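*Asks:* Mind folding the following:
(one chain, ligands or ions: 2)
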Amino acid sequence: MSVLAVNLAEDSYNIHIGRGLLSSLGQRCAEVGLSSRAALITNPTVNAIYGAIARTALEVAGFTVAMIEIPDGEEFKNAATLSAVYDALIEAAIDRKSCVVALGGGVVGDLAGFAAATFLRGIPFVQVPTTLLAQVDSSVGGKTAIDHPRGKNLIGAFYQPHLVLIDVDTLATLPDREFRAGLAEVIKYGVALDLPFFEYLEQHAEDIIAKDQGSLEYVIRRCCEIKAHVVELDEKETGLRAVLNFGHTLGHAFETVAGYRELVHGEAIALGMVLAARISAALGHCSAADVERVAALITRLGLRIVPPVSDRVRLSEAIITDKKSRNGAISFICNQGIGNFAVEHLVPEKMLTLSGLEV
Ligand code: NAD
Ligand code: GLY
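*Replies:* Ligands and ions are numbered 1, 2, ... in the order given. The predicted structure is shown next:
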């Protein structure tokens with residue numbers, strides 16, 4: 001097992017990564033000073049597989065547990081579901097000494113985290129991510145949010161968890177499509193921040209796809225290390241942290257326009273990264289060979305690189321509604337070669353033209 005520290009002064013916490021950790025959930029919550037009641041927020045899919053283990057682990061450590069289920073799917077990461085969660089928290093007499101435990105993927109983690117950030121002006125929160133995407137990205141760093149009909153993650157808060165518990169064994173039941181989607185965020189770290197890690201992914205692509213335990217644990221640990229480092233330097237995204245949005249500007253736009261069932265988050269990010277690499281090449285930040293290399297790795301890791309045909313006006317609107325827009329121009333993250341990044345300010349039309357997208 002590895003333990004990584006995220007050093008954020010009084011909001012510091014540890015990320016535990018290893019196999020079979022779920023059954024130690026209660027003990028580890030107690031170790032960070034939590035006790036009394038826990039609201040275990042999950043969805044029916046994850047609850048059916050891991051709910052009982054998580055609940056028992058908490059109860060054995062002395063917690064009174066209230067199970068709160070939210071429907072499964074990005075389309076439920078919204079204000080109506082959040083409101084139902086507040087109702088359930090009140091019903092379960094959750095108070096400031098209690099904690100919220102998010103058991104599931106990024107949807108559960110983002111919504112449960114925002115509920116914890118806002119309920120009673122903030123109660124302690126624990127992340128137990130069960131998708132690859134949540135283990136390498138969304139559970140670390142304290143971004144919590146719900147979506148608005150006009151765009152993703154428009155309502156949210158920075159709110160750090162007390163603990164992140166990553167049980168790599170939970171990936172065994174993750175559908176292949178979701179596993180591959182998580183690899184998009186993994187690739188992101190390599191392309192925008194870490195050439196040796198990108199090379200590791202190239203060298204171990206087949207092992208990773210085969211869910212080889214050693215490779216998987218290394219990948220998850222390295223992603224968490226990179227993310228923790230970025231978050232430590234720029235927790236509230238005043239600068240550097242925006243690099244983690246590599247591939248997300250166009251990715252979010254595709255997600256919004258295509259619909260959340262057509263493209264899951266990671267699939268949209270993979271498309272966004274290929275287009276971001278093309279834009280980077282058009283602006284002289286990387287070579288055509290770099291673009292090919294990025295696209296080749298994305299393909300080898302089982303993700304598609306050809307976007308669905310989408311309406312240009314709707315894509316532009318979706319880009320501009322994205323929270324990172326400033327007076328029409330978007331801070332756009334380019335890859336500088338592979339393993340580095342550069343920031344450009346682009347209006348959506350120019351972005352779409354430079355990407356070579358046929359719309
Ligand atoms: P998700 O939460 O929808 O989970 C994907 C699917 O896998 C769901 O159907 C879920 O029920 C199922 N599932 C989860 N764990 C499982 C398991 N172990 N076995 C079987 N099935 C399992 O999707 P996701 O990709 O984890 O998260 C996407 C969300 O994360 C998006 O809303 C995105 O905006 C958000 N996100 C947030 C951040 C952040 O920093 N907060 C970063 C990246 C993405
Ligand atoms: N996933 C982007 C961030 O955490 O900043």
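
*Asks:* Summarise which helices and strands the longest helix that the chain contains is packed against.
*Replies:* Counting by DSSP state H, the longest helix found in the chain is helix 213-233. Secondary-structure packing of helix 213-233 (3 or more CB pairs under 8 Å, 6 or more residues apart in numbering; DSSP states H and E): strand 2-6, strand 13-18, strand 163-167, helix 176-193, helix 195-203, helix 205-209. In this view, the C-beta of every residue, glycine as well, is placed from N, C-alpha and C.

*Asks:* Met67 falls within a strand, correct?
*Replies:* Yes: Met67 forms part of a strand when assessed by DSSP: H, G, I helix; E, B strand; the rest coil.

*Asks:* is it true that it touches Val46?
*Replies:* No: judged on CB atoms under 8 Å, Met67 makes no contact with Val46 at a distance of 11.3 Å.

*Asks:* which one of the two has more residues nearby?
*Replies:* Neighbours of Met67 and Val46, each counted by other CB atoms under 10 Å, are more numerous for Val46; the result is 22 against 17.

*Asks:* List the residues that contact that one.
*Replies:* Leu103, Gly104, Gly105, Val108, Thr130 (CB atoms under 8 Å, 6 or more residues apart in numbering).

*Asks:* on that earlier part again, do the longest helix of the chain and ligand 1 meet?
*Replies:* No: applying CB under 6 Å from any ligand atom, one finds helix 213-233 separated from ligand 1 by no less than 8.5 Å.

*Asks:* Taking the centroid of the protein, which residue is nearest it?
*Replies:* Ser138 (2.8 Å; CA atoms, centre = their mean).

*Asks:* how would you label the closest residue to Thr299 other than its chain neighbours: helix, strand or coil?
*Replies:* Closest residue to Thr299 in three dimensions, ignoring its sequence neighbours and counting by CB to CB, 6 or more residues apart in numbering: Ile305, at 5.9 Å. Three-state call for Ile305 (three-state DSSP): coil.

*Asks:* Let me know how buried Ile305 is, in neighbour terms.
*Replies:* 15.

*Asks:* between the helices and strands packed on helix 213-233, which one is nearest to Asn245?
*Replies:* Asn245 sits nearest to helix 176-193 of all these, at 9.0 Å, using CB to CB.

*Asks:* Give the other helices and strands that that closest one contacts.
*Replies:* If you count contacts as 3+ CB pairs under 8 Å, 6+ apart, helix 176-193 packs onto helix 132-133, helix 195-203, helix 213-233, helix 265-282, helix 288-300, strand 329-335.
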